[in-house]
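1. Just a sequence and a predicted model for now, questions to come.
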Amino acid sequence: YNESHHRYWVRYSSEKLEARLGLQKIVFGPSYVLRSLSWFDTIDLRDPTGQTDGVEAFRLRWFPSNSLSLWSWVVNNDQDTLSYGSRVELSNSAGEWGLTYHQDPSKSLQPIGQIGISDPHSRLAIDYRYDGFIGFWNESTLISSDRTDIIMATVGADYTLPISNGILVMAEYMSISNKSDLDESSQSSTALMVSMPLGMLHQLMFITHVDWDNNHTYNYFRWSTTYDNFSLNFVLSINPKRVDYDNIHEGQ
């Protein structure tokens, strides 16, 4: 008889320290849609539940001051291989900064945002966000193994138009460069989001995502409303037809 626990974790927290062991989400980085730093989560802005599968890990966070936090973690993947990493976050008048490192010895496929890698590798990233007249952010990641080097970079900006209750407009651009022993490739994509509240209960959101290399456009629209005991979401999406993907594979 085997009993499977969906979620189990223990946590200790104080004013300066937080430690957590068990199934959890490890999320960082300022990007919304094209996320170069979605290393351990599957959070998607288009998902109204905002949930992720999470990872089995031990995570420690230390807050020596109000402007500095230090992270460290050990993650257990599906093959019972331990990977580990750390992160430093600094907040000052110039913006919010983050420096992240992760080492993964696994030889199985590991999804990292929009890509995947199946070799033991290391990840190094720097991210930045500034909130002024407009919001601006950047995530830059280097993923390195013996056979390939991948560079992922995301830049984004947002601004709230002073119309009605405020219309939030956000744009992001991502580029991915993949250099291996055999070939070299690159790809780029853009995301645009418009979000607007209607009164106190209703929210409209539209996202369009353009894959420039394959000439594909993905469109998403959501109307949501929240009441005391339940929420209601209406979602409409328009994506490329299956034949469009088939044509790309035939061309390759």
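-> Thanks, I have the structure now. Keep in mind that what you see is a predicted model, and the values were worked out from it rather than measured. Residues are numbered from 1 along each chain as shown.

2. going forward, measure contacts and count neighbours with C-alpha atoms only.
-> Noted.

3. Tell me the bridge partners for Val74.
-> Phe58, Tyr84 (DSSP bridges).

4. correction: Asp211
-> Asp211 has these beta-bridge partners by DSSP bridges: Ser189, His216.

5. ok, how many other residues are close to it?
-> For Asp211, the neighbour count with other Cα atoms under 10 Å is 15.

6. Same question for Leu201.
-> For Leu201, the count of nearby residues is 11 (other Cα under 10 Å).

7. OK, contacts around it?
-> By Cα atoms under 8 Å, 6 or more residues apart in numbering, the residues touching Leu201 are Thr225, Thr226, Tyr227.

8. Among those, which one has the most neighbours?
-> Result: Thr225 is most packed of the contacts of Leu201 (other Cα under 10 Å), 16 neighbours.

9. List the buried residues for stretch 16-26?
-> Buried residues in stretch 16-26, defined by neighbour count with 16 or more other Cα atoms under 10 Å: Ala19, Arg20, Leu21, Gly22, Leu23, Gln24, Lys25, Ile26.

10. before we move on, back to that, among the contacts of Leu201, which lie within strands?
-> Counting by DSSP state E, the contacts of Leu201 place Thr225, Thr226 in strands.

11. from the contacts of Leu201, which is closest to Val169?
-> Within the contacts of Leu201, the smallest distance to Val169 is 19.9 Å, found for Thr225 (Cα to Cα).

12. just checking, that closest one touches Val235?
-> No - in this structure, Thr225 is not within contact of Val235 by Cα atoms under 8 Å, at 11.9 Å.

13. re earlier: between the contacts of Leu201, which is closest to Leu68?
-> For these, the residue nearest Leu68 by Cα to Cα is Thr226; the value is 35.4 Å.

14. How much space separates the closest residue to the closest one other than its chain neighbours from Ser224?
-> Spatial nearest neighbour of Thr226, chain neighbours left out: Leu201 (5.6 Å); criterion: Cα to Cα, 6 or more residues apart in numbering. Going from Leu201 to Ser224 by Cα to Cα, to the nearest Å gives 8 Å.

15. what do you get for Thr49?
-> For Thr49 relative to Ser224 (Cα to Cα), the value is 11 Å.

16. Who has more neighbours out of the two?
-> Neighbour totals were compared for Thr49 and Ser224, and Ser224 leads with 17 against 10 (other Cα under 10 Å).

17. So for the more buried one, what's the pLDDT?
-> Looking at Ser224, its pLDDT reads 91.

18. who touches it in this structure?
-> For Ser224, the contacting residues are His202, Gln203, Leu204, Ser231, Leu232, Asn233, Phe234, by Cα under 8 Å, 6+ apart.

19. go with 10 Å
-> Going by Cα atoms under 10 Å, 6 or more residues apart in numbering, Ser224 touches 48, 197-198, 201-205, 231-235.

20. Mind putting those into TSV with pLDDT?
-> What follows is the contacts of Ser224, written out as TSV (pLDDT from 0 to 100):
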residue	pLDDT
Pro48	78
Pro197	91
Leu198	87
Leu201	86
His202	89
Gln203	91
Leu204	93
Met205	94
Ser231	86
Leu232	90
Asn233	89
Phe234	91
Val235	90
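
21. Can I get the residues you listed in JSON lines including secondary structure and distance to Glu89?
-> Shown next, in JSON lines, are these (DSSP: H, G, I helix; E, B strand; the rest coil; distance: Cα to Cα, whole Å):
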{"residue": "Pro48", "secondary structure": "coil", "distance to Glu89": "28"}
{"residue": "Pro197", "secondary structure": "strand", "distance to Glu89": "31"}
{"residue": "Leu198", "secondary structure": "strand", "distance to Glu89": "35"}
{"residue": "Leu201", "secondary structure": "coil", "distance to Glu89": "35"}
{"residue": "His202", "secondary structure": "strand", "distance to Glu89": "34"}
{"residue": "Gln203", "secondary structure": "strand", "distance to Glu89": "32"}
{"residue": "Leu204", "secondary structure": "strand", "distance to Glu89": "32"}
{"residue": "Met205", "secondary structure": "strand", "distance to Glu89": "30"}
{"residue": "Ser231", "secondary structure": "strand", "distance to Glu89": "34"}
{"residue": "Leu232", "secondary structure": "strand", "distance to Glu89": "36"}
{"residue": "Asn233", "secondary structure": "strand", "distance to Glu89": "35"}
{"residue": "Phe234", "secondary structure": "strand", "distance to Glu89": "37"}
{"residue": "Val235", "secondary structure": "strand", "distance to Glu89": "35"}
